[in-house]
Structures are given as structure tokens and as C-alpha cells.
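Student: Predicted model, plus sequence, below.
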Amino acid sequence: MLDALVDAACLAANTPIGSITLLDGERQWFKSKRGMEGDGCYRADAFCDHTIRSSRPFVVPDAARDFRFAENPFVTGSDRIRFYAGVPLEIEPGLRLGSLCVLDRVPRRLGADVRGLLDRLARCAVERLLQSEDRYLLSRIDSGRLGRANADKAALALAEEALLQGCFLLHYQPKIALDTGRRIGFEALLRLKKPDGSIVGPTAFSAAFDEPILSRRIGSHVLRCAVAQAKAWATAGVDFGHIAINVSSSQFIGLPGSPCLVDEIIGATRSAGLSPGHIQIEVTEGVMLSEQGGDIGTQLEALRTAGFIVAFDDFGTGFASLVHLKEFSYDQIKIDGSFVRAMTGSSADHAIVKAIIDMAKALGKQVVAEGVETVAELHALRELGCNYGQGFLFGRPTSASDLRVLPD
């Protein structure tokens, strides 16, 4: 049965290689395979180790150009793997023990229809494994892994309830022009108000961002709230500049009967009577590395053409930032706060920040430094010619009602 499922996956994706795998603490095991030799490999070398970190499909269009896999033995060795697509085998929500995957020796992309079929085949594989090897599977679950799975389930339930009860809210952190000290806008940061009144940040419900449908609903909620706040400030005569929102990879996926992200953002701002300059879009490299990479570039270009500013967020922490600087459309680079906080005490981090700023200037891009907390950091960034800053030195994230914003 598993062999038949692998054959069907390879046929659907038109690839010569496929497998159903299970992972334990140290190794990946091939339960079924086509076009490959051996019974497994070290988990550290397995593409599937990345697949089981999320419930969504994991796709690598060209492994040789992806810094996570360019030196992988399956890429550099005799296998010469260039393309990988895997769907996790999820035994129950949050508990993923392996994957169904297809591979090829040439770079390529995977259509949404094929991803959907692979997902259905993976569910069939899970049902078969549970029917025949339940004890084996459960023996592979260590207590820490099971604990993380239960924590993810709790986080998903928390996020789902927050959407239903209207407990998600936005806090706003100011962004400052470093040369004049003038506030030029805000970044909207998602928070959740628990039943006891306490406010928690995204780490409390981070598992929700790995669930495509739930993540998309949260993203739409953030857009609606940010647009509503921008309209309220504009109506009150507040010169707030702009509100920047983060978008997830799931928001770029086209769903039947739903508007694409570009249409959703343009429609929301136009309905509120706002200009594109009032809303900015921030995208992390994790989003750019997702399986929708090609379509993301097209949609970002469409947003920029419509007049929206696009920022490359958390720059410096990803796997292939320099590659993406050439491939994607954006206007700003946001330097990750970890480099900013270390730059005054580390010559290496100072050099990294300087290099990013110089490179951005050469590319004609603006630079925003995140995580600015001290006057020393502010002075250092000014000397390097950084355009904008954001961090506790200028203001902590807070609700709109607590912000000190005045009408013109």
C-alpha cells in the first residue's frame, strides 16, 4: 500500500524519486521508496527534518541555490538532488513523525493542484501506518516531542478561540527618522488578550502561523484592524505616517473564492479611503523561502506598482538573504535587532551593520534598524547613515488608546 502511494506521488509530480519516511531522534528511515538506495540516512542530512517542523508542505525548488541544502550530501553527492517537496505525516494535530516526499535531479516548482494531491496521499499514508504499525509509531515518540505537540495543540486552540471571541489586538511601535527624530510611522504588532486580562505576544500562539488556513485568517484580521486604525487616525487629523503589517506565506496562497493578497490589501485600503502610503507591508525571509516563492515575487511587485512600500524584515538572520536581495521586489531593509543590540560592543556586529547599510545604499534601498535600545546604538547608527530606527529607546509597543498621538 505504501509503495502504491509513493508511486502515485511520483506520477502526480512527474518525479523519478519518492519516499515515505519516519524520523527518530538520530535517523530518517525509508518505509517505502522509489528511485533511491539504502534504508535511511542521518536525520541531520534529511530534507524531511525540515518538513516535520510545520503542518504545511515544504518545498525546495532548487537545493543547490538554497543555503540550507547547498552543502547537503544528497545535493553534492552522487544523488545530485536539486528539487524536494514533502508533506508531513501528521498523526494528530501538532504531532508529525515523518513525511511523504518527491524529489528530482533538476530544479523545478510545484503547482497548487499537485500540492493538494500530495497532501491527500500523505493522509492516506498516515491512516495505513496507524492501522498496521501503531505500536511502532508510538515507540518513536519521546516525552519532549510529545510535550511540544501538546503545547502546539494548546496554542492552536488559544488562537482559534481568540479569533472567535475577538481577543486578538494590535499594539503599535513607533518608527523614527534618525536624522531628525521625527516619527514617520508605526509597526503593528499582534497581541492576544487572555480571559484573565493578561496580554501575551506571538510566542504564546506561534504554532498557529504554521497552520495555513488559521494563519491566513489571522493575517486578514491584522489587515482589517490596521486599516481601521489608520482610518480612525486620518479622520481625527492625526499625522501618523503609516502602519506597517507583517504578512505570512499562507496569505500569498490563492484560494478558490477568496481574493489574492494584493486584491485584499488594495480593496481594504480603498474601502477605507486610505492611500497606499498609509499601509506598509513587511515580509520576512522565511516567507520568501516558502514554496510560493515565485508567486510571492509577483505579488510583491504588484503591491509596489500599486504604491505600497515593501520592507524585507529581520534581514541578516536567514539563509539566503543576498540571493533574495536580487530576486524580490522591496523598498526597505530592516536590520534584525540582534545585530543592532550587539554592534556597540562587538566589532564584528558593527561591521555587519555597516555592510548592510552600505549595501542597501548601493541598491537604492532605505534602511530601518530594529531593536534600538540605547543612545549609544542611536549615535552609532546615525554615524553609519541609517535612515530609520525602531525600538524601546523610541517607544514600546502599546495599544492605540495609550499612544500619545495628536491631531495636526
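Tutor: Arrived safely. Residues are numbered from 1 along each chain as shown.
Student: Going by C-alpha atoms from here, please, whenever you check contacts or count neighbours.
Tutor: Will do.
Student: How about the helix or strand that contains Ala362, which residues are buried there?
Tutor: Assigned by DSSP states H and E, Ala362 belongs to helix 347-363. For helix 347-363, burial by neighbour count (16 or more other C-alpha atoms under 10 Å) applies to Asp349, His350, Ile352, Val353, Lys354, Ile356, Ile357, Asp358, Ala360.
Student: The last one is in contact with Val353, isn't it?
Tutor: No - at 10.6 Å, Ala360 does not count as touching Val353 under the criterion of C-alpha atoms under 8 Å.
Student: one step back: between the buried residues of helix 347-363, which is closest to Leu261?
Tutor: Distance to Leu261, by C-alpha to C-alpha, is smallest for Ala360 among the buried residues of helix 347-363, at 26.6 Å.
Student: Name the residues that touch the helix or strand hosting Leu170?
Tutor: Leu170 is located in strand 168-177, with elements delineated by DSSP H and E. Strand 168-177 has contacts (C-alpha atoms under 8 Å, 6 or more residues apart in numbering) with 162, 182-193, 222, 225-226, 387-391, 394-400.
Student: Alpha carbons of that strand, in PDB - could you do that?
Tutor: Taking C-alpha atoms only, strand 168-177 is exported to PDB below (Å, rounded to 0.1, in the frame of the first residue of the first chain):
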ATOM      1  CA  PHE A 168      -6.600  39.500  19.100                       C
ATOM      2  CA  LEU A 169      -5.500  43.100  19.200                       C
ATOM      3  CA  LEU A 170      -2.700  45.200  17.800                       C
ATOM      4  CA  HIS A 171      -0.100  47.200  19.600                       C
ATOM      5  CA  TYR A 172       1.800  49.900  17.800                       C
ATOM      6  CA  GLN A 173       5.600  50.700  18.000                       C
ATOM      7  CA  PRO A 174       6.800  54.000  16.500                       C
ATOM      8  CA  LYS A 175       9.400  54.200  13.700                       C
ATOM      9  CA  ILE A 176      11.700  57.200  13.800                       C
ATOM     10  CA  ALA A 177      13.800  59.200  11.300                       C
END
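Student: Check which element follows it along the chain.
Tutor: Following strand 168-177 toward the C-terminus (DSSP H and E): strand 183-193.
Student: How far off centre is that following strand?
Tutor: Computed by C-alpha atoms, centre = their mean, to the nearest Å, the chain-centroid distance of strand 183-193 equals 18 Å.
Student: the domain parsing of the chain - what is it?
Tutor: 2-141, 157-402 (automatic domain parsing).
Student: Distance to Gly147 and mean pLDDT added to these, as TSV?
Tutor: What follows is the domains of the chain, written out as TSV (distance: least, C-alpha to C-alpha, whole Å; pLDDT from 0 to 100):
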stretch	distance to Gly147	mean pLDDT
domain 2-141	10	88
domain 157-402	13	89
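Student: For Asn150, find the nearest of these.
Tutor: Closest to Asn150 of those, according to C-alpha to C-alpha: domain 2-141, at 7.1 Å.
Student: residues of the helix or strand harbouring Val310 that come out buried?
Tutor: Secondary structure from DSSP H and E places Val310 in strand 309-315. For strand 309-315, the neighbour count (16+ other C-alpha under 10 Å) marks Ile309, Val310, Ala311, Phe312, Asp313, Asp314, Phe315 as buried.
Student: Please apply the same query to stretch 112-126.
Tutor: In stretch 112-126, counting by 16+ other C-alpha under 10 Å, buried: Arg115, Leu118, Asp119, Leu121, Ala122, Arg123, Ala125, Val126.
Student: Give the closest residue to the last one in space, chain neighbours not counted.
Tutor: With C-alpha to C-alpha, 6 or more residues apart in numbering as the measure, Leu89 is the residue that lies nearest to Val126, at 5.9 Å, once sequence neighbours are left out.
Student: I figured the one you found was touching Ala125, is that so?
Tutor: Yes - proximity of Leu89 to Ala125 meets the contact threshold set by C-alpha under 8 Å, at 7.5 Å.
Student: what touches both of those two?
Tutor: Residues touching both Leu89 and Ala125 (C-alpha under 8 Å, 6+ apart): Leu100.
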